[in-house]
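> I would like to see how this sequence folds:
(chains A, B, C and D)
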Number of protein chains: 4
Amino acid sequence: MAPRPQVIALEEHYLDAEVKPHMAGPDAAAGAGRVAALLDDVGQGRIADMDAAGIDIQVLSHGAPSIQKIADAALAVRLAQGANDRLAETVRAHPDRFAAFAMLPTADPNAAADELERAVTRLGFKGAMVHGLAGGRFLDDRRFWPIFERAQALDVPLYMHPAVPHPAVIDTYYREYAEKFPNLLRAAWGFTVETATQGIRLVLSGIFDHYPRLKIILGHLGEGLPFYLWRINMALTRDGAGPSWFRDAFCEHFWVTTSGFFSDPALLCCMLELGADRILFSVDYPFVENAPGTAWMERAQLSAEDKAKILSGNAKRLLKM
Amino acid sequence: MAPRPQVIALEEHYLDAEVKPHMAGPDAAAGAGRVAALLDDVGQGRIADMDAAGIDIQVLSHGAPSIQKIADAALAVRLAQGANDRLAETVRAHPDRFAAFAMLPTADPNAAADELERAVTRLGFKGAMVHGLAGGRFLDDRRFWPIFERAQALDVPLYMHPAVPHPAVIDTYYREYAEKFPNLLRAAWGFTVETATQGIRLVLSGIFDHYPRLKIILGHLGEGLPFYLWRINMALTRDGAGPSWFRDAFCEHFWVTTSGFFSDPALLCCMLELGADRILFSVDYPFVENAPGTAWMERAQLSAEDKAKILSGNAKRLLKM
Amino acid sequence: MAPRPQVIALEEHYLDAEVKPHMAGPDAAAGAGRVAALLDDVGQGRIADMDAAGIDIQVLSHGAPSIQKIADAALAVRLAQGANDRLAETVRAHPDRFAAFAMLPTADPNAAADELERAVTRLGFKGAMVHGLAGGRFLDDRRFWPIFERAQALDVPLYMHPAVPHPAVIDTYYREYAEKFPNLLRAAWGFTVETATQGIRLVLSGIFDHYPRLKIILGHLGEGLPFYLWRINMALTRDGAGPSWFRDAFCEHFWVTTSGFFSDPALLCCMLELGADRILFSVDYPFVENAPGTAWMERAQLSAEDKAKILSGNAKRLLKM
Amino acid sequence: MAPRPQVIALEEHYLDAEVKPHMAGPDAAAGAGRVAALLDDVGQGRIADMDAAGIDIQVLSHGAPSIQKIADAALAVRLAQGANDRLAETVRAHPDRFAAFAMLPTADPNAAADELERAVTRLGFKGAMVHGLAGGRFLDDRRFWPIFERAQALDVPLYMHPAVPHPAVIDTYYREYAEKFPNLLRAAWGFTVETATQGIRLVLSGIFDHYPRLKIILGHLGEGLPFYLWRINMALTRDGAGPSWFRDAFCEHFWVTTSGFFSDPALLCCMLELGADRILFSVDYPFVENAPGTAWMERAQLSAEDKAKILSGNAKRLLKM
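Down below sits the predicted model:
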């Protein structure tokens, strides 16, 4: 039998004790009860949970919205440095079980670029994760391009994670059902829409012309964009885009993970639109449990080669692990 | 060789001469140039175009936003009655080539329900189409339920078509790119998000508990919802929904069309999530050309039985044609 | 949640006490050990096993090669009548758990046709199953057409089940590995090749022109023919067949079951080539265990509607249950 | 737009003038009429046909049965050396348009191994092709293992091409329909069965334990074996094989080409079972026309990355081009 491939998961969250008090409002709700305890544990409990499900390595990242809503740049920079240092400690304690994505103080894009560099070159981080809008702005805004420029220079990916959507959109689209179905704002739909919109806007911004080796990761099977590629691409050609401009940019610069989305039909759609080389296993722990994720992959009737790519091979190449 | 199946297309638009002047602002842009001329032609030119592409029947509907943004209820009712009467004339002139979805004056929900009944029972219409938010409100709002109640009583489907999104969402999500990429608000993304949101809200509203035989059509391969079914369903169970509550409601009450979305991977995803019985061929003429649609189906390597269902069999059952 | 669909399995075997002594040689090996005991049990043990796996109804059929290798026509007729009568008793004892496919004395084709009619009209059987070559001949031989004619007249399907291949083919293709891998002659390959060949020969014989409402069932996901449809069809057009002659004949006259073949990629291929309406759940009990079959279907990420068709809806229509 | 990938085709035939007279009987029929002329042309006509269809490189190989039926070992060796030398000339005349698979005199396995080495090291060939049974024997027979040993040592693949099946199988399975449907023996079915059987026998023989880096190419989408993997693997475990012994051996040692099999469902099945890295574009020219092959790939809604792999990337890696 083919050797069991290593399993690396990329969208696995924890909360930093000093950052947590700065996350308020609706976002704080995410980490309640049992999940809250799991978010705080980056030691034996987490590792035991990984072992039970057959996960070898978690690439750790902070929970949403991280520091993306903190307007005070100096505070954000200080929080990021401290949190990244502490996360580096966590990784150093279990270097064979953990790796890390950096927290970035997007309130000061140049400082964020510097912190990305420090995290990658000094702390050995594998890239960075940002969580939803940064100070209410999409990341394709020119003010944030220094971050992308540095990511390209360092050849590390940026993971675009969702956060609770912009209040105007909540008010317009979700308000009436938000109390009964709080996840409507989150994993059920609001996360998806805003993060997919972020992905589209990155392409429209032309940033990939400026940074042609830029690498973006989207969770949740690409927030659905693989399904829409044909239609988005077609509609943009009506606006004068080249016949496969959007499709090519997306397929060249984006990788997607399976976080919180263990669907065979959706995975198949991603394999056809992006290819198995662009799909990376992830769980979204502790918001989603580990075991259903690895059980899904275990049962998935894919070739052993593609399964090994998805479970860790692609991550090793993309994150140079 | 199996006989060529009949081809029925369900999301095929025209503009009514008396309604058109009441559609202003960004929506008017949709019908410019060559497309504008095609929208006005419900006679020989349109039929010649259908013949050239092998389309037997168009189920005609007005273009977006139709009268859904008209706040003056009396005006809306008058426009709808006149437009539906004129559309009935169009169908009567070519009863073997055209059928119709009614225009509904949603500004007065009870009148809209009555007009739906008149259109179905007197004019022989096959259901109705609504275009985006009605007076800025999603259709799941209780005030609109009389329309759904009547649709169930008449056993006809309601087609939920997109329109240019709510201004607050344009302002938050799309504004910076709307000039260079006007379709970002429309077929490329804005249409999709708002209409998919409408679909989700219908389920969340509980309307299918009240009207358990209600039938909804979504265009554009279900606005992507088939791809997301696993994730939406999973996230809502965290909010206390039953383990397949969302999935079951969606799969029981929704049909999807291929309008403007000729993608094999997306079609495959829909076939797996909904089954071939729930997918109906459509083009979105004249915004999309007929020939690529029928050519796509012609080449699609599906069984002749499923292809016949998608091309017309499902429409005949759903629309009782 | 959608109600759990009924589960009907179509290729579920038993052995008749009076027929069994007449099955000799390599075929006898099939029913050894634990499987032999299960083959003999058409009562509480079998039903308990069905209950444990969630199977509501087994359509019972004899094990291969049944009486297809018996040359003495009078003996074959007598064995068939007795076995079918006893099988009818078994069904009568548990009419809500069992149905039956008849055993046919193919050594006397006219008597086989009469026995088919008796089994269907008097005993309530759902069709018949034949097992591999009949007296060394493929069933498309004209001498057997009276059986197909009667099946059409009765509107019941014939299930073409494999048996150990013709000795000349064993000697040419399998001999060197038959001792170490006895299943090479059987489920691993020999069964498949000969039964697929039988399916192809039926089309080539023109029998479907003579009996245009004839219905054939193939087990094991159509013995692979759905995969090959494009290529077989293409190659036969070089011999002057119409452009979709083979494909159309196969897709119109054949149904396939999942017996002993719980593969997602193969199932997907069948769904695309034949459509979900032509696929019927089966296990191949007791050669294959029930539980992996129903567990596979339970986990399969298909629409509830298609799953219900495959699990029982298609069987109910095809077998008029 | 992504640059158009290079297109390399691997199962593209010609006939050698000195070998041709030695191919007699039913095999000679393959090269009649228009096809016969195309088989003889390895110059401008062939290149013009490649240009018209967008094929950059053909890896040339002789037509079936090549010299696999020649029992006179000295003659076979002499024919192979001459034909390979002449084929090398053909490649040297158009080194950017042609590459080559060697002809092997399997009647003398050691000489065949030597000729393979000569062809690869002296003539720059990319591997070798054998056509059906060698002197009536399957290639897994131990007498042929020196050929496989040398292929492994040279790190070149062996392409297992079909030929008209063994007479005993023709007589048993195909005889009655062979006159009306000559392709029943060939591309429609007989080729497939015998070559798939060859593939299975290679695994059963244990040859991959002896030569763990051996590489085998099967045409015609793996002669269907990808579809059957689940079932073959399951059935062999009943004979004591490890739980994924057959599957792992097949997926590790085999590559498949699309020659003469332009089916989306079958391709999808192969992608799921083997992965896109193991699928190589081929046409089977001149028995199949070039243009439908490249048109099929052009339209296939796969990612650009996977398409580039299939069209040439995988060939470049496997054949070191």
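
> so, low pLDDT: which residues of chain A?
Counting by pLDDT under 70, chain A has low-confidence residues at A:1-2, A:24-32.

> so which bits of it are right by chain D?
Taking Cβ under 8 Å from any Cβ of the partner chain as the criterion, chain A approaches chain D at residues A:1-2, A:230, A:242-245, A:247-248, A:251-252, A:268, A:271-278, A:301-306. Where C-beta positions appear, they are placed from N, C-alpha and C, glycine not excepted.

> could you point out the longest helix of chain A?
Of all the segments assigned as helix in chain A under DSSP state H, the longest by residue count is helix A:73-93.

> burial measure for A:E298, as a count.
Summarising burial for A:E298: neighbours were counted as other Cβ atoms under 10 Å in any protein chain shown, giving 13.

> can you read off the backbone torsions of it?
The phi and psi values for A:E298, taken as degrees, to the nearest 10, are phi -60, psi -40.

> now swap in A:A102 and tell me
In this entry, A:A102 is assigned phi and psi values of phi -70, psi 150 (degrees, to the nearest 10).

> which residue sits closest to it, ignoring its sequence neighbours?
In space, A:A102 comes closest to A:A119 once its chain neighbours are excluded; the distance is 3.6 Å by Cβ to Cβ, 6 or more residues apart in numbering or on different chains.

> and the one you found, how far is that from A:V156?
Remark: distance between A:A119 and A:V156 (Cβ to Cβ, to the nearest Å) = 9 Å.

> higher neighbour count, the two?
For A:A119 against A:V156, the residue with the higher neighbour count under other Cβ under 10 Å is A:A119, and the figures read 27 against 24.

> what sits against that one?
Applying Cβ atoms under 8 Å, 6 or more residues apart in numbering or on different chains, we find A:A119 in contact with A:N84, A:A88, A:A100, A:A102, A:F125, A:A128.

> same check, this time on A:F254
A:G199, A:I216, A:I217, A:L218, A:G222, A:L225, A:L274, A:R278.

> what do you get for A:T106?
Contacts here follow Cβ under 8 Å, 6+ apart; on that basis A:T106 touches A:I67, A:Q68, A:A76, A:A112, A:V130, A:A134, A:G135, A:L139, A:F144, A:I147.

> so where does it fall, helix or strand?
Assigned by DSSP states H and E, A:T106 falls within no helix or strand.

> that one and A:G199, how far apart?
17 Å.

> one step back: closest one to chain D out of the contacts of A:A119, please.
Sorting these by distance to chain D puts A:A128 at the head of the list, at 24.9 Å, by Cβ to the nearest Cβ.

> for the closest one, what are phi and psi?
The main-chain torsion angles of A:A128 are listed as degrees, to the nearest 10 and equal phi -140, psi 160.

> nearest residue to it in space, please, no chain neighbours.
In space, not counting the residues next to it along the chain, A:A128 is nearest to A:A102; the distance is 4.1 Å by Cβ to Cβ, 6+ apart.

> go on, A:H62?
In space, not counting the residues next to it along the chain, A:H62 is nearest to A:M103; the distance is 5.1 Å by Cβ to Cβ, 6+ apart.

> is it true that that neighbour touches A:G63?
No - under the contact definition of Cβ atoms under 8 Å, A:M103 does not touch A:G63, with a separation of 10.4 Å.

> quick check: A:A241 is in a strand.
No - assignment of A:A241 by DSSP: H, G, I helix; E, B strand; the rest coil gives coil, placing it outside any strand.

> quick one: which helix or strand includes the closest residue to A:F125 other than its chain neighbours?
Take A:F125 and drop its neighbours on the chain: the residue closest to it by Cβ to Cβ, 6+ apart is A:A119, 4.0 Å away. Taking DSSP H and E as the definition, one finds A:A119 inside helix A:109-121.

> could you pull out the strands for the stretch 1-150 of chain A?
Counting by DSSP state E, counting those that start in this stretch, the segments of the stretch 1-150 of chain A that form strands are A:8-14, A:57-62, A:98-100, A:102-103, A:128-131.

> same question for the stretch 201-321 of chain A.
With DSSP E, counting those that start in this stretch applied, the stretch 201-321 of chain A shows strands at A:216-218, A:254-257, A:279-280, listed in chain order.

> list the strands paired with the first one, with their directions.
Strand A:216-218 has these partner strands in its sheet, going by DSSP bridges: strand A:158-161 (parallel), strand A:254-257 (parallel).

> right, and these - which one's nearest A:A291?
Closest to A:A291 of the strands paired with strand A:216-218 is strand A:254-257 (Cβ to Cβ; 17.5 Å).

> just how off-centre is the closest one within its chain?
Remark: strand A:254-257 is offset 9 Å from the chain centroid, using Cα atoms, centre = their mean, to the nearest Å.

> since that was my last question, I'll sign off now.
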